[in-house]
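Asker: need a 3D model of the sequence below.
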Amino acid sequence: MARVPDDDNVPSIARLLALTDGVVAIALTLLVLQLQVPIEHDVNSPGDLWSALNVDGNELTSYLVSFVVIAQFWLVHYRVLRGMKGHDEGLAWRNFAFLLALTLMPFTSDLLGRYGGNPVALTLFGLNLIAINLSTQWISHYAASKKLLVDQRRSAHDELAGRVRAALVVVIVLITITLAWTDPSLAKFGWVLFIFVPTSGERIARALERSRQGATSATG
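Answerer: Residues are numbered from 1 along each chain as shown. Here you go, the predicted model:
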């Protein structure tokens, strides 16, 4: 039988959260660097400036989508770890896997902004999102399996909503990657769907819970 470690011997979860917060802040800052200010000197009219900006929506779209995605995954990460009283080396390495995937976001976002019509850029961006998503779920499952680490368990609703949001991310990415190889101009609009993932996840989770309760009442 596993021995419950003393609280003094368990590394504080605050240290892991502080590291993650710092890396996320840097990643969010790096994202904005992909938006370039024109350096041409013959910009005299609004039309000239607009042309100098070379605005086609790709860079701004990739920046906004990446910012929203990183913010959403930070919230998910915080919800998973906030109820923990400590961590072990296994959890730390899984958290580093999350940070590895997340710190690639500025690169794949910039790639998408510069080559938004190229299916390879769209595919790499999508795979990056899936990697962040899977690493987050990896942390969640590990934390749930290590009951000695969890101070207060997440509610059944939070667990279900988290799984639904993760599934929605994968579905959106797969649809967008498929469109990237058939109609790249349409694929870039698929990323906008990430804005609706949090609210959609909550609604679907509630609907599933009501469905389960209805089925239980019917059989009871």
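Asker: what residues sit buried inside the lengthiest helix in the chain?
Answerer: What stands out as the longest helix in the chain, according to DSSP state H, is helix 119-145. Of all the residues in helix 119-145, those buried under the rule 16 or more other CB atoms under 10 Å are 119, 121-126, 128-140, 142-143. Backbone N, C-alpha and C define where each C-beta goes, glycine included.
Asker: following element in sequence after that helix, please.
Answerer: helix 156-180 (DSSP states H and E).
Asker: elements contacting the helix or strand immediately after that next one in the chain?
Answerer: Remark: after helix 156-180, the chain's next helix or strand is helix 184-187, criterion DSSP H and E. Counting contacts by 3 or more CB pairs under 8 Å, 6 or more residues apart in numbering; DSSP states H and E, helix 184-187 is packed against helix 119-145, helix 156-180.
Asker: if you set the cut-off to 6 Å instead, what comes out?
Answerer: helix 156-180 (3 or more CB pairs under 6 Å, 6 or more residues apart in numbering; DSSP states H and E).
Asker: which residue, other than its chain neighbours, is closest to residue 197?
Answerer: residue 168 (5.1 Å; CB to CB, 6 or more residues apart in numbering).
Asker: for that neighbour, grab the count of nearby residues.
Answerer: 19 (other CB atoms under 10 Å).
Asker: pLDDT on the longest helix of the chain, on average?
Answerer: The pLDDT scores in helix 119-145 average 87.
Asker: before we move on, what about stretch 74-93?
Answerer: pLDDT averaged over stretch 74-93 gives 79.
Asker: and that stretch, end to end?
Answerer: 17 Å (CA to CA, to the nearest Å).
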